[in-house]
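Visitor: Predicted model follows, preceded by the sequence.
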Amino acid sequence: MIIDRSNAMKSAQEIREVVADRYAKIAVTGSSCCGDASQSVALGYSSSDLEQVPESADMSLGCGAPVGYAELAAGERVLDLGSGGGLDAFLAARVVGDTGHVIGVDMTPQMIELARANAAAVSANNVEFRQGLIEQIPAADASIDVLLSNCVINLSPDKDAVFAEAFRVLAPGGRLIVSDMVTSDEVARSIDPEGWAACIDGAIPEASYVGGLQRAGFVDIDVLERTTGDDVYSVTLRAVKAAD
Ligand SMILES: C[S@@+](CC[C@H](N)C(=O)[O-])C[C@H]1O[C@@H](n2cnc3c(N)ncnc32)[C@H](O)[C@@H]1O
């Protein structure tokens with residue numbers, strides 16, 4: 001199915017439906033779009049960390065290991081955009097401890113159900129999962145110290161809305177650590193929702209990604225890690241909301 005770019009509103013809705021459908025199936029079957037669970041070690045997660053989280057939280061759906069770059073501290077308030085089975089949320093919860101709090105946000109009801117079941121299985125009481133869009137984050141203004149996201153923003157048909165919402169919910173001085181797929185340059189292509197849902201067709205040029213973060217108000221934007229060799233590749237970025 002190729003979507004007509006001239007009908008942008010319909011396209012955005014249709015893309016969301018195809019993306020949600022894909023991740024609903026993954027949540028229910030436990031199978032990954034991107035490989036098996038051992039890929040998480042290759043992405044930068046340590047085996048010992050992976051042993052500490054519920055098994056079905058690690059679905060090998062990420063394209064980096066942002067939590068390792070987040071320098072989390074006890075007591076911090078963390079929100080994971082597109083939390084899937086909850087891998088990064090559970091790892092963050094271990095570091096922020098009882099005085100901290102972690103919120104995972106995902107639009108796919110089956111992913112939320114899976115993540116909540118995972119939380120119940122390990123009695124994680126400093127983690128909660130909220131169903132919602134990352135373009136309309138279900139969290140209050142300036143209520144979060146650290147935003148994480150792993151291989152999700154590329155899936156959004158409205159990345160500027162995601163960046164604006166990320167900026168809104170972060171407290172002054174807060175930071176965003178995101179791993180995502182980007183492209184080396186502007187690639188002319190039709191929008192195929194299946195390709196979009198597979199983390200390929202929704203990827204935008206790295207420079208546009210950084211530009212979007214800057215337009216939203218973020219400063220001190222650093223690329224912490226970059227895979228190379230392909231037109232579509234992964235980056236891990238850090239961006240800051242300046243303190244008042
Ligand atoms: C590639 S998976 C990554 C999951 C998780 N971050 C991980 O690393 O395991 C993408 C997730 O983002 C969710 N998602 C995609 N687009 C979204 C949107 N616009 N708003 C909220 N969640 C979204 C999907 O339901 C899915 O769970």
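Guide: Cool, got the structure. Fair warning: this is a prediction, and the values are worked out from it, not measured in the lab.
Visitor: Just confirm residue 150 contacts residue 69, I think it does.
Guide: No - taking contacts as Cβ atoms under 8 Å, residue 150 lies outside contact range of residue 69: 11.1 Å. Backbone N, C-alpha and C define where each C-beta goes, glycine included.
Visitor: Residue 174: helix or strand, and which one exactly?
Guide: Per DSSP states H and E, residue 174 falls inside strand 170-183.
Visitor: So what's the gap between that strand and the chain middle?
Guide: The chain centroid and the centroid of strand 170-183 are separated by 9 Å under Cα atoms, centre = their mean, to the nearest Å.
Visitor: Of residue 150 and residue 69, give the one with the bigger neighbour count.
Guide: When residue 150 and residue 69 are compared for neighbours, residue 150 comes out ahead with 26 against 20, by other Cβ atoms under 10 Å.
Visitor: what secondary structure does residue 53 sit in?
Guide: Assigned by DSSP: H, G, I helix; E, B strand; the rest coil, the conformation of residue 53 is coil.
Visitor: Can you tell me, leaving aside adjacent residues, what's nearest to it?
Guide: Closest residue in space to residue 53, ignoring its immediate chain neighbours: residue 90 at 4.2 Å, by Cβ to Cβ, 6 or more residues apart in numbering.
Visitor: what's in contact with whichever strand or helix holds the one you found?
Guide: Residue 90 belongs to helix 87-96 when assigned by DSSP H and E. By Cβ atoms under 8 Å, 6 or more residues apart in numbering, the residues outside helix 87-96 that reach it are 40, 45, 49, 52-54, 57-59, 62, 66-67, 70, 72-78, 80, 83, 100, 102-104, 115, 118-119, 122, 124, 126-127, 129, 146, 148, 150.
Visitor: Please see if it touches the ligand.
Guide: Yes - contact of helix 87-96 with the ligand (Cβ under 6 Å from any ligand atom) involves residue 87.
Visitor: so how far is that helix off the chain centroid?
Guide: Centre-to-centre, helix 87-96 and its host chain are 14 Å apart (Cα atoms, centre = their mean).
Visitor: which element follows it toward the C-terminus?
Guide: strand 101-106.
Visitor: Now that following strand: average pLDDT?
Guide: Average pLDDT, strand 101-106: 98.
Visitor: strand partners of that strand, parallel vs antiparallel please.
Guide: Strand 101-106 pairs in its sheet with strand 77-81 (parallel), strand 127-131 (parallel), by DSSP bridges.
Visitor: Take the ones you listed and lay them out in a markdown table including mean neighbour count and distance to the ligand.
Guide: Shown next, in a markdown table, are the strands paired with strand 101-106 (neighbours: other Cβ atoms under 10 Å; distance: least, Cβ to the nearest ligand atom, whole Å):
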| stretch | mean neighbour count | distance to the ligand |
| --- | --- | --- |
| strand 77-81 | 27 | 7 |
| strand 127-131 | 19 | 8 |
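Visitor: got these as JSON lines, with distance to residue 233 and mean pLDDT columns?
Guide: Output for the strands paired with strand 101-106, formatted as JSON lines (distance: least, Cβ to Cβ, whole Å; pLDDT from 0 to 100):
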{"stretch": "strand 77-81", "distance to residue 233": "20", "mean pLDDT": "98"}
{"stretch": "strand 127-131", "distance to residue 233": "29", "mean pLDDT": "98"}
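Visitor: can you put those in CSV and add distance to residue 234?
Guide: Below are the strands paired with strand 101-106 laid out as CSV (distance: least, Cβ to Cβ, whole Å):
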stretch, distance to residue 234
strand 77-81, 16
strand 127-131, 24
